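>>> Fold the following for me, if possible:
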Amino acid sequence: MSTQYPLLSFRPCVSPITSVEVAEPDKATATSRVLAQTLQSRSQVYARFTAPSATLDSGSDSESASSDRRPSDENAMPVVKLPPTLKQLLSLRNAHPPAGPSAKALNDVFTATLGDLKSRVNAELGAGDGLLKDGGSLKSWLVITSATLLTTNTPSTMGHLYRFATRVDLNHKGKGVSLTDDVSVLEKAERVMVMREAGLKCSVLVGIPTTINSLGALREATEEPVKRHLDQVQVAHRDDSDPHETLERGKTLFDAIYSPHTEKLLAKLGRSHPDFPGFILRHAYGGILSNPPPPVTPTFPTAVTRTLTSAVAVACLRTQGRVGPQLTSHVFGLLKAGEEPEASQTPAERWISSEQGVEWVLSTVDKLCDVVNGPPGGDWADRSSKL
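Residues are numbered from 1 along each chain as shown. Next up, the predicted model:
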């Protein structure tokens, strides 16, 4: 019998209080009188802020309307200013992400690693030099590279990656990588959606603040026509209206990665904290790492598949370092993705889930990290001046 894990929900529960009956003074205790007065005060505040007349008018009336709706002075939120000493402390200890390497250094490693993957995938397909196909190479490479750069917390690199990836010519049949300025706005938007979907999954592995930095930089790097398409396109949203369906999705993905050790691992996590298994299954794996159902009319095939999700985990954990057990688990998960139905994988995904493919993923992540951070034990300040 499988273990039942608690469903954690952080959805706020708001129950507006519109009225309250106050007990007669001679029949109420001191405690009940205070409680009744508090509830009555809350109901008045709620009514004042939700009444239709609470909308602001234009001109001088708006200031008075805002003043009328403002809580009394004793309930107003105080304005807090940072003293100079705190400002100084906040500026220390690497408060801001590094500038990152030059565009040339990044473009060189982008070209080399993408071209390498393309040639390896086509070798598996048996294609000749003049008949090389993408075979999903760009998408797989883009997911792995996005996850790696995001984990380095060097947001500027995401803009460089965007400008490179949106110029890659998928019609090029020869060796290496060919860049073009003829990529359509729709194709650019598709590639951005792949990058940001990989970035969202990174948030489970490296944290939300780092993800905010990099996805924000990606958004800033996109041109206005691409932004308009991104804002209008219909995508699959992660709707948590059915928590049991989300939990089942999470359990399916978790089991696909960790089986036959699923129950043993969940029990271990539960000993660390009783809420940990439910949180991981529903919110991490069900809510973020697994894919939501597609929209009714999907526009772009931008889902980060089961195979690529494991590749994201390997890239993040390899870049992060000092998480050897977790990295090993997700390497196994990537190898097991090779057991997925062939129809659900591109040729590139099938190859990167092979033993040679996983070696390539680890090696490629190392190459990217060496360009962004410098080699292990090296001095980035000295090295950056040479790039």
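>>> List the residues that contact the most centrally placed residue in the chain.
Centroid check for the chain by Cα atoms, centre = their mean gives L200 as the closest residue, at 1.4 Å. By Cβ atoms under 8 Å, 6 or more residues apart in numbering, L200 lies in contact with 211, 215, 288. No exception for glycine: its C-beta is placed from N, CA and C like everyone else's.
>>> Now the helix or strand hosting it - C-alpha only, PDB.
Assigned by DSSP states H and E, L200 belongs to helix 185-206. Extracted in PDB, the C-alpha atoms of helix 185-206 (Å, rounded to 0.1, in the frame of the first residue of the first chain):
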ATOM      1  CA  VAL A 185       9.400  36.800 -34.800                       C
ATOM      2  CA  LEU A 186       7.300  33.700 -34.200                       C
ATOM      3  CA  GLU A 187      10.400  31.400 -34.200                       C
ATOM      4  CA  LYS A 188      12.100  33.800 -31.900                       C
ATOM      5  CA  ALA A 189       9.200  33.800 -29.500                       C
ATOM      6  CA  GLU A 190       9.200  30.000 -29.600                       C
ATOM      7  CA  ARG A 191      12.900  29.800 -28.600                       C
ATOM      8  CA  VAL A 192      12.300  32.400 -25.800                       C
ATOM      9  CA  MET A 193       9.400  30.200 -24.500                       C
ATOM     10  CA  VAL A 194      11.700  27.200 -24.300                       C
ATOM     11  CA  MET A 195      14.300  29.200 -22.400                       C
ATOM     12  CA  ARG A 196      11.800  30.600 -19.900                       C
ATOM     13  CA  GLU A 197      10.200  27.200 -19.400                       C
ATOM     14  CA  ALA A 198      13.500  25.700 -18.600                       C
ATOM     15  CA  GLY A 199      14.200  28.700 -16.300                       C
ATOM     16  CA  LEU A 200      10.900  28.100 -14.400                       C
ATOM     17  CA  LYS A 201      11.900  24.500 -13.700                       C
ATOM     18  CA  CYS A 202      15.300  25.700 -12.500                       C
ATOM     19  CA  SER A 203      13.600  27.600  -9.700                       C
ATOM     20  CA  VAL A 204      12.900  24.300  -7.900                       C
ATOM     21  CA  LEU A 205      16.600  23.400  -8.000                       C
ATOM     22  CA  VAL A 206      18.500  26.700  -7.500                       C
END
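>>> Pull out the buried residues from that helix.
By 16 or more other Cβ atoms under 10 Å, the buried positions in helix 185-206 come out as 188-206.
>>> about what we covered before: if I look at the residue nearest to the centre of the chain, how far off is F279?
L200 is 17 Å from F279, where distance means Cβ to Cβ, to the nearest Å.
>>> Repeat that for T148.
26 Å.
>>> who's more crowded, the two?
More crowded of T148 and F279, by other Cβ atoms under 10 Å: T148, with 28 against 19.
>>> so where's this protein uncertain?
Along the chain, the model assigns pLDDT under 70 to residues 1-74, 128-131, 295-301, 377-387.
>>> after the host helix or strand of R350, next one along is what?
In this structure, R350 is located in helix 347-352 according to DSSP H and E. With elements assigned by DSSP H and E, the helix or strand that comes after helix 347-352 is helix 355-373.
>>> which strands and helices sit next to that following helix?
helix 103-125, helix 137-151, helix 306-320, helix 324-336, helix 347-352 (3 or more Cβ pairs under 8 Å, 6 or more residues apart in numbering; DSSP states H and E).
>>> Need these in a markdown table (columns: distance to R249).
Converted to a markdown table, the helices and strands packed on helix 355-373 look like this (distance: least, Cβ to Cβ, whole Å):
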| stretch | distance to R249 |
| --- | --- |
| helix 103-125 | 29 |
| helix 137-151 | 20 |
| helix 306-320 | 11 |
| helix 324-336 | 16 |
| helix 347-352 | 20 |
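>>> Which residues are in contact with the closest residue to L125 other than its chain neighbours?
In space, L125 comes closest to P347 once its chain neighbours are excluded; the distance is 5.7 Å by Cβ to Cβ, 6 or more residues apart in numbering. By Cβ under 8 Å, 6+ apart, the contact list for P347 reads 121, 124-125, 135-136.
>>> who touches stretch 243-256?
5, 7, 9, 240, 262, 280-287, 289-290, 306, 309, 333, 336-337.
>>> let's go with 6 Å and repeat that
For stretch 243-256, contacts defined as Cβ atoms under 6 Å, 6 or more residues apart in numbering pick out 7, 240, 262, 281-282, 285-287, 289-290.
>>> Drop anything exposed from those.
Listed as buried from the contacts of stretch 243-256 are 240, 262, 281-282, 285-287, 289-290; burial here means 16+ other Cβ under 10 Å.
>>> Now do the helices in the stretch 201-350 of the chain.
208-221, 224-232, 243-258, 262-272, 276-279, 306-320, 324-336, 347-352 (DSSP state H, counting those that start in this stretch).
>>> what does stretch 318-337 rub up against?
148, 151, 257, 306-307, 310, 313-314, 317, 353, 358, 362, 365, 369.
>>> Buried residues in that stretch, which are they?
318-320, 327, 329-331, 333-334, 336-337.
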